[in-house]
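**Q** Fold the following, please.
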Amino acid sequence: MFKKFLDAIGNLFKSLFGGGTDPQPKPKPKPNDPITDIPQDGSEITPDTIIIVADETENVIIKPDEKDIEFDDDLGVDENIPSTIPDDNNSSGDSGTDGSDNEEEGGSGGPVEGEVPQGRFLWCLDNGHGQFTKGKRSPVFDDGVTQFLEYEFNRDIVRRIMAQLDEHGISYYNVVPEVEVDDFLRERVDRANAKKSELPKLFISVHSNAASARSSKHWASASISGIETWYFHNSKKGRKVASIFQKHLVDQTGLKNRHLKSRPESQFYVLRKTKMTAVLTENGFYNNEVEAAKLMTDEMRQKIADAHVVAILEIEKNGI
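**A** Numbering: from 1, shown residues only. The predicted structure is shown next:
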């Protein structure tokens, strides 16, 4: 009886002075919930965005056991393995899924149970975007048919990288072997974070860039071209890894050097939420008509893949 009296008094005070009922807990995001307020890659940079440009030739000194800033913890990403995560498999070319047409070839990376891990790191290879991502494609070429599709380009580069890592015995994880997906941002991050590995993980997201244009049907200025690599702002390890990839990408392809880039605020989702050192490579501009034509050739794609592999091998040899 006395407790009921105290509860009644408490409710009276809440109604008079505020407080009301306790707020309902915010529901956890689902893997396929759209993320609309966070940029994905360089193509979504607006002119008013503050960007920090760094020279990849500058030496980054990382002291032994120095703590690094590698991710943000303000978005509440759930580290539990999502229900759609592919089963683990080795890096010999299995898809890591059920073999349907919705998936492409690629190893999961990471050793199978009882197998000794290969190499120094587990490379989480992320092919940015999917078939259902809106935009992310070039204007149609003059033949009225040909068009650059970024999801296809990203997956082709990652496929070529994986083939070479198999030859070198380097452990890797194909983060999104599926094709028929959209941006899949939260799922990409959750999969990489949840992936079990005896080796430390590094996350590499492969993209092609786009510049401002009159519309999606118009080509951007021919003066906007080249390669840039993004890293999580203030991460020394991220900057060092990015510098290695940028150096080799420019050397191998001969494309314009746009250097290293980061954003002090609103950084790319896959850089700010992957709880490991992560970088994002932007390999040419697909809405630059001349550069897009190059990016569609087997020769240029192989150069881009080779550059990624050379960077991986350098880091495997020397560490970070």
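
**Q** Show the average pLDDT along stretch 52-62.
**A** Taken as a whole, stretch 52-62 has a mean pLDDT of 92.

**Q** Tell me which residues of it come out buried.
**A** 54, 56, 60 (16 or more other Cβ atoms under 10 Å). C-beta here means a position set from N, CA and C on the backbone, and glycine is covered the same way.

**Q** The stretch 151-300 of the chain: strands as residue ranges?
**A** Listed in chain order, the strands of the stretch 151-300 of the chain (DSSP state E, counting those that start in this stretch) span 172-174, 201-209, 227-231, 257-262, 277-285.

**Q** now the last one against strand 201-209, angle please.
**A** Between the direction of strand 277-285 and that of strand 201-209, the angle (axes from the mean of the first three to the mean of the last three Cα atoms, to 10 degrees) works out to 20 degrees.

**Q** Determine the set of other helices and strands touching strand 277-285.
**A** Judged by 3 or more Cβ pairs under 8 Å, 6 or more residues apart in numbering; DSSP states H and E, strand 277-285 is in contact with strand 201-209, strand 227-231, helix 236-253, helix 269-272, helix 289-295, helix 298-318.

**Q** how about a cut-off of 7 Å?
**A** Secondary-structure packing of strand 277-285 (3 or more Cβ pairs under 7 Å, 6 or more residues apart in numbering; DSSP states H and E): strand 201-209, strand 227-231, helix 236-253, helix 269-272, helix 289-295.

**Q** mind giving me JSON lines with the buried residues of stretch 52-62 and columns for distance to Asn257 and secondary structure?
**A** Shown next, in JSON lines, are these (distance: Cβ to Cβ, whole Å; DSSP: H, G, I helix; E, B strand; the rest coil):
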{"residue": "Ala54", "distance to Asn257": "12", "secondary structure": "strand"}
{"residue": "Glu56", "distance to Asn257": "8", "secondary structure": "coil"}
{"residue": "Val60", "distance to Asn257": "17", "secondary structure": "coil"}
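
**Q** Closest one of those residues to Leu185?
**A** Ala54 (24.9 Å; Cβ to Cβ).

**Q** so where's the stretch 101-250 of the chain shaky on pLDDT?
**A** 101-117 (pLDDT under 70).

**Q** circling back to that earlier point, output the helices and strands packed on strand 277-285 in TSV; the columns should cover mean neighbour count.
**A** Converted to TSV, the helices and strands packed on strand 277-285 look like this (neighbours: other Cβ atoms under 10 Å):
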stretch	mean neighbour count
strand 201-209	26
strand 227-231	28
helix 236-253	23
helix 269-272	26
helix 289-295	19
